[in-house]
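Novice: Here is the input, now give the coordinates:
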Amino acid sequence: MLNSLFNSYNRLCHFILAKPIDILHSPFVFKLYQDAVAIKRNNATNKQLSEHLFQLNCKHATAISQLLTALNAVQIFEMKQVQETWVLIKIGHTATTHALEDLDQHNPQIDAIYLAEAALLNKLPLASLKSLLNSHCPLLVSNPHAHANANKQWVELYEKNEVQIAVDFFDFGLCFFNRKQAKEYFKLRLW
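Specialist: Numbers count the residues shown, from 1 in each chain. Have a look, this model is predicted:
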């Protein structure tokens, strides 16, 4: 009950405070949003990713897949913590699993990392992620405002030095590393 009230209050606040897309001052985020909207109109979403996200009960699976399609994210890995080890599991037909510590040996191409459990945000090995992701490859966090603890950890994540751009769509967030620009945080409405 309390989580539901917390979520409803936060959603209302987000909707009121979110910037309309036409006053965005970041060319990168503006283009990403515009490209994703154009992809939505053309209906050319990444169906494989969208289906996988639906299986994970991810809200807005289609919108997420459109944003990742706009970023040309093909090699998408789901990130999980198995005991003390972080593991990347490829989303797609040729599923592969890599422990984060062993990625130097395998060196898979990574276009995006999907984190379904916002509760694990405070344990993320950000230095490792920063070395994996280039400036256009996001860490995608599902349900960062699901409850008070997840919300607190999402705020702590985007305040960290490793994250240059954070885009908050309320039901999911995107964090970008390695951007050569000033640190920025955006609250946006989903379409």
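
Novice: quick one: the strands in this protein?
Specialist: With DSSP state E applied, the chain shows strands at 76-82, 85-90, 97-99, 112-115, 138-142, 163-168, 172-177, 184-187, listed in chain order.

Novice: Where does the prediction get shaky in the protein?
Specialist: 1-4, 6-7, 19-24, 37-49, 52, 54-59, 93-95, 104-107, 118-119, 190-191 (pLDDT under 70).

Novice: tell me, what residue is most central in it?
Specialist: residue 140 (1.4 Å; CA atoms, centre = their mean).

Novice: Could you give the number of residues near the nearest residue to that one once chain neighbours are set aside?
Specialist: The spatially closest residue to residue 140, leaving aside those adjacent along the chain, is residue 114, at 4.9 Å (CB to CB, 6 or more residues apart in numbering). Placement of C-beta: from N, CA and C, glycine included. Here the number of neighbours of residue 114 (other CB atoms under 10 Å) works out to 26.

Novice: quick one: residue 114 from residue 27, how far?
Specialist: 25 Å (CB to CB, to the nearest Å).

Novice: and if you look at residue 145?
Specialist: Taken as CB to CB, the span from residue 145 to residue 27 is 27 Å.

Novice: Compare those two (neighbour count), which wins?
Specialist: residue 145 (21 against 9).

Novice: Contact partners for the more buried one?
Specialist: 7, 10, 11, 14, 151, 154, 170, 171 (CB atoms under 8 Å, 6 or more residues apart in numbering).

Novice: still on that earlier bit, bridge partners for the residue nearest to residue 140, pull those for me.
Specialist: residue 78, residue 140 (DSSP bridges).
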